[in-house]
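Chemist: The sequence and its predicted three-dimensional model are supplied below.
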Amino acid sequence: MTFISARNIKKVFNGKKNGNATLAVSGLNLTIRKKEFVTIIGPSGCGKSTFLLMVAGLEKPTAGALTIDGKAVNGPDGQRAIVFQEYLLFPWKTVKGNIEFGPELKNIPKSEYQDISRQLIRLVGLEGFENRYPHELSGGMQQRVAIARALANRPNVLLMDEPFGSLDLLTRESLQLELQNIWEEARCTVLFVTHSITEAIFLADRVVVMSKRPGTIKSVFPIDLARPRTRDVYTTRRFRDYEAAIKASVWEEVR
């Protein structure tokens with residue numbers, strides 16, 4: 001059953017300085033099922049992040065229809081949370097304070113949001129670090145806090161824009177494994193933008209390849225790999241076949 005629907009989406013950015021318009025996305029059509037994990041990959045500047053921001057309600061399509069659960073996206077909503085590559089944590093708040101910020105702002109009773117915080121700290125593996133400040137944490141730990149903070153409002157859509165892009169390889173692979181477990185427990189719909197084909201395949205139910213600008217959906221690859229996935233899956237014939245096919249699709253656009 002369709003949960004997120006994008007029909008003939010177009011996005012034009014009007015230049016503020018020279019007045020020139022940039023057609024970023026054109027004719028984009030995509031449907032996403034509830035609780036599905038979809039990764040988006042494509043050349044730099046193809047509109048991946050722009051589409052994510054439109055789903056978040058932070059950008060408005062110039063034309064087309066974008067709906068979630070049958071309702072038009074007209075702006076930000078507490079049911080949609082976004083995690084960026086930059087951690088964007090409040091430096092003056094502890095791990096616990098960052099996670100509790102959203103529920104507290106919504107006037108959820110203190111005992112309830114503290115319980116939410118405890119559950120999420122356990123879920124992202126930060127027990128014992130509740131009272132640490134962001135500058136006392138590694139990059140990977142800060143991103144775990146950012147994910148927990150996004151989940152604190154119990155969103156039904158989690159949007160992730162290159163969330164592991166600035167991390168070292170070992171930390172990145174570790175967080176890929178953890179995100180898989182977090183998603184299995186949180187059971188929300190995830191839309192995940194990445195430049196890594198390996199990461200896209202490892203995480204996804206479907207990998208969506210976008211064309212060069214103006215971005216549209218070029219191809220969609222359903223990923224038939226058993227879950228939960230471990231790093232051993234990288235060496236399987238099926239994974240390598242997916243990797244070769246998606247790389248060929250992306251490189252056609254890059255060339």
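Modeler: Noted; the coordinates are in hand.
Chemist: CA only for contacts and neighbour counts going forward, please
Modeler: Noted.
Chemist: how far away is the residue nearest to the spatial centre of the chain from Ala146?
Modeler: With distances taken as CA atoms, centre = their mean, the residue of the chain nearest its centroid is Met160 (1.9 Å). Using CA to CA, to the nearest Å, Met160 is found at 11 Å from Ala146.
Chemist: got the buried residues for stretch 175-186?
Modeler: In terms of neighbour count (16 or more other CA atoms under 10 Å), stretch 175-186 has its buried residues at Leu175, Gln176, Leu177, Glu178, Leu179, Gln180, Asn181, Ile182, Trp183, Ala186.
Chemist: That one: how far from the chain's middle?
Modeler: Relative to the centre of its chain, stretch 175-186 is centred 12 Å away, using CA atoms, centre = their mean, to the nearest Å.
Chemist: Other residues contacting that stretch?
Modeler: Leu123, Val124, Gly140, Leu151, Phe164, Val190, Glu199, Leu203, Pro228, Arg229, Thr230 (CA atoms under 8 Å, 6 or more residues apart in numbering).
Chemist: rerun that using 10 Å as the cut-off
Modeler: 35-37, 120, 123-125, 140-141, 143-144, 147-148, 151, 154-156, 158, 163-164, 167, 169-170, 172-173, 187-190, 199-200, 202-204, 227-231 (CA atoms under 10 Å, 6 or more residues apart in numbering).
Chemist: before we move on, what about stretch 220-229?
Modeler: For stretch 220-229, the external contacting residues (CA under 10 Å, 6+ apart) are 30, 38-40, 176-177, 180-181, 184, 200-210, 233, 236, 238-239, 242, 245-246.
Chemist: try it again with 6 Å
Modeler: For stretch 220-229, contacts defined as CA atoms under 6 Å, 6 or more residues apart in numbering pick out Asp205, Arg206, Val207, Val208.
Chemist: How about stretch 41-58?
Modeler: Contact with stretch 41-58 is made by 24-25, 59-60, 75-76, 194-195, 209-210, 212-213, 215, 250, 254, as judged by CA under 6 Å, 6+ apart.
Chemist: Can you list the buried residues in it?
Modeler: Under the neighbour-count criterion of 16+ other CA under 10 Å, stretch 41-58 has 41-43, 46-57 buried.
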